[in-house]
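A.B. asks: test case, fold it:
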Amino acid sequence: MNRGKTVWAGKALAVLSLVLGALGLEPSMLPEEIGQGDFVQLKSGGPTMEVEGVDGFGRLICTYFEGPQFKKVAFNRTLLQKIEPAKHRDNDHVG
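C.D. replies: Modelled structure (predicted):
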């Protein structure tokens with residue numbers, strides 16, 4: 001990263017910290033970064049899903065199997081939690 005981008009990123013983080021502080025929030029309260037290829041689950045529970053991408057509305061497109069049926073559904077990222085690879089079991093995707 002060049003110096004200009006580094007300075008800009010630092011300023012952006014400082015502004016974000018001020019805004020979050022004004023709202024009574026901490027950076028750790030922000031949704032964790034989830035991206036393509038990550039394994040996720042609804043915060044309320046459910047099957048292990050893989051993130052395929054992002055739709056035109058900013059929702060995460062997730063794929064999973066429900067029995068023998070392949071499913072593809074878009075979710076608001078705030079409804080999802082990333083699952084660590086150690087918690088992912090290959091038999092969740094048996095088709």
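A.B. asks: and residue 51, what is it in contact with?
C.D. replies: Contacts for residue 51 (Cβ atoms under 8 Å, 6 or more residues apart in numbering) come out as 34, 35, 36, 37, 38, 39, 40, 60, 61, 62. From N, CA and C alone the C-beta is placed, and that goes for glycine too.
A.B. asks: farthest pair in those?
C.D. replies: The largest separation in the contacts of residue 51, counting by Cβ to Cβ, is between 39 and 61 at 13.9 Å.
A.B. asks: drop anything exposed from the contacts of residue 51.
C.D. replies: For those, a burial check counting by 16 or more other Cβ atoms under 10 Å picks out 34, 38, 39, 40, 60, 61, 62.
A.B. asks: looking at those, which are in helices?
C.D. replies: With helices taken from DSSP state H, there is no overlap with the buried ones among the contacts of residue 51.
A.B. asks: can you list these in TSV and add distance to residue 79 and pLDDT?
C.D. replies: Listed next are the buried ones among the contacts of residue 51 as TSV, based on distance: Cβ to Cβ, whole Å; pLDDT from 0 to 100:
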residue	distance to residue 79	pLDDT
34	11	91
38	14	95
39	15	96
40	9	96
60	9	95
61	13	96
62	10	97
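A.B. asks: distance to residue 78 added to those, as JSON lines?
C.D. replies: Converted to JSON lines, those look like this (distance: Cβ to Cβ, whole Å):
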{"residue": "34", "distance to residue 78": "10"}
{"residue": "38", "distance to residue 78": "15"}
{"residue": "39", "distance to residue 78": "17"}
{"residue": "40", "distance to residue 78": "12"}
{"residue": "60", "distance to residue 78": "10"}
{"residue": "61", "distance to residue 78": "15"}
{"residue": "62", "distance to residue 78": "14"}
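A.B. asks: circling back: narrow the contacts of residue 51 to those in strands?
C.D. replies: Judged by DSSP state E, strands contain the following of those: 39, 40, 60, 61, 62.
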